[in-house]
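# Could you look at this predicted model? Sequence included:
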Amino acid sequence: MARKGKVVIDRELCKGCFLCIRACPVKVLEQDPEPNSTGSYPSKVAHAEKCIACGSCYEVCPDVCIEIYELTEAGV
């Protein structure tokens, strides 16, 4: 069975370098069209269903604003 994951991005900490967007092998993330309180356009989760919890986005984030959770099916 394929791994499933959940990405959480703290949009107030994100400065919009988009390293995470480039690092994601399944294209879960994209640029948020709405700026955060600092005026930066952070990354956002656009295709949550595609996440495989690989951690690539977490690894490259210089601002430590990304959390990754590996999901399991109920009863498994």
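Structure received.
# what about this protein, any weak spots by pLDDT?
For the chain, the stretches flagged by pLDDT under 70 are 1, 73-76.
# need the helices for it, in chain order.
19-23, 56-60 (DSSP state H).
# of all the ones you listed, which lies closest to E34?
Taking CB to CB, helix 19-23 is the member of these nearest to E34, at 15.9 Å. All C-beta spots, glycine's among them, are computed from the backbone N, C-alpha and C.
# Buried residues, the closest one. List them.
Applying a neighbour-count criterion of 16 or more other CB atoms under 10 Å, one finds C20, I21, A23 buried in helix 19-23.
# quick one, what contacts the last one?
What that stands for is A23. S56, C57, E59, V60 (CB atoms under 8 Å, 6 or more residues apart in numbering).
# what about 7 Å?
S56, C57, V60 (CB atoms under 7 Å, 6 or more residues apart in numbering).
# Between the residues you listed, identify the one with the most neighbours.
Most neighbours among the contacts of A23, by other CB atoms under 10 Å: C57, with 24 neighbours.
# pretty sure that one is touching E30, no?
No. Using CB atoms under 7 Å, C57 is not in contact with E30, being 11.7 Å away.
# mind putting the helices of the chain in a markdown table, distance to V45 included?
A markdown table is the format used below for these (distance: least, CB to CB, whole Å):
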| stretch | distance to V45 |
| --- | --- |
| helix 19-23 | 10 |
| helix 56-60 | 10 |
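# Could you report the neighbour count for C51?
If we define neighbours as other CB under 10 Å, then C51 has 22 of them.
# from here on, count from 15
Let's use 15 as the start, then, which means that last one is C65.
# Next, show the common contact partners of C71 and E44.
With CB under 7 Å, 6+ apart, C71 and E44 have no common neighbours.
# Okay, strands next: where are they in the protein?
Here the chain has its strands, by DSSP state E, at 18-23, 43-45, 57-59, 80-85.
# Which one of these lies nearest to I66?
Smallest distance to I66 across the strands of the chain (CB to CB): 5.8 Å, for strand 18-23.
# Please state the offset of the closest one from the chain centre?
Relative to its chain's centre, strand 18-23 lies at 6 Å (CA atoms, centre = their mean, to the nearest Å).
# Sounds good, over and out.
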